[in-house]
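Participant: make a model of this:
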Amino acid sequence: MEIPITVAKAIGTKSAEEPSLIDSLKHSYSELCLTIKLQRENYGDFCEDEEELERTLGPIEHDPEPYSNGSIKTRPILKKYAKAICERLELESRIEATEEMLRDVDLTPQQVKLDMKHYISLSEKKIASQQKQIDTLNEKMDHIIQAIIN
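Facilitator: Got it, this is the predicted structure:
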């Protein structure tokens, strides 16, 4: 029995009709962004002006987690908005991880080595920046302690 060539395909490959995982994630992301935009616009109808809208939604957009999990009590419509923003943030990280995973599949050992050097460099810079912040905070704390003692 022969298998037609059009039916046979390599394991792990996808046909042209099958959407890739990254395409699917990006589609979900764009739909979620549209939902967030609509929720923002709908809530804007309840606000007197743009300033009130920003005052209400700004903190949620900056840190949605406490609003979505109920740590900070808020209206159900705002909790739903916060949950959608949390979903968007999670989806962004999944897209980034998936893109990185797919990119890394075809790397040569030399490219992997260069990539790792790049990540190490970024990490060292981040650590140095955080160490500066720690030093600054320690200095401020020392000044406060000295002020309290004196």
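Participant: measure the spatially most central residue of the chain to residue 95 for me?
Facilitator: Nearest to the mean C-alpha position of the chain, counting by CA atoms, centre = their mean, stands residue 89 at 3.5 Å. For residue 89, the distance to residue 95 equals 11 Å [CB to CB, to the nearest Å]. Glycine gets a C-beta too; all of them are placed from N, C-alpha and C.
Participant: before we move on, the earlier item: distance of the residue nearest to the centre of the chain from residue 134?
Facilitator: Noted for residue 89: a distance of 26 Å to residue 134, by CB to CB.
Participant: ok, residue 84 - contacts?
Facilitator: Residues in contact with residue 84 (CB atoms under 8 Å, 6 or more residues apart in numbering) are 32, 35-36, 39.
Participant: that one: helix or strand, and which one exactly?
Facilitator: When elements are assigned from DSSP states H and E, residue 84 belongs to helix 76-104.
Participant: next one: that helix to chain centre, how far?
Facilitator: Relative to the chain's own centre, helix 76-104 is displaced by 5 Å; criterion: CA atoms, centre = their mean, to the nearest Å.
Participant: out of the contacts of residue 84, which is most surrounded?
Facilitator: Neighbour counts for the contacts of residue 84 peak at residue 39, which has 19 neighbours (criterion: other CB atoms under 10 Å).
Participant: what's in contact with the helix or strand in which residue 57 is found?
Facilitator: Residue 57 belongs to helix 50-62 when assigned by DSSP H and E. By CB under 8 Å, 6+ apart, the list of residues contacting helix 50-62 from outside reads 40, 43-44, 47, 67, 74, 78, 81-82, 85.
Participant: which among these end up buried?
Facilitator: Buried members of those, counted by 16 or more other CB atoms under 10 Å: 40, 43, 67, 74, 78, 81-82, 85.
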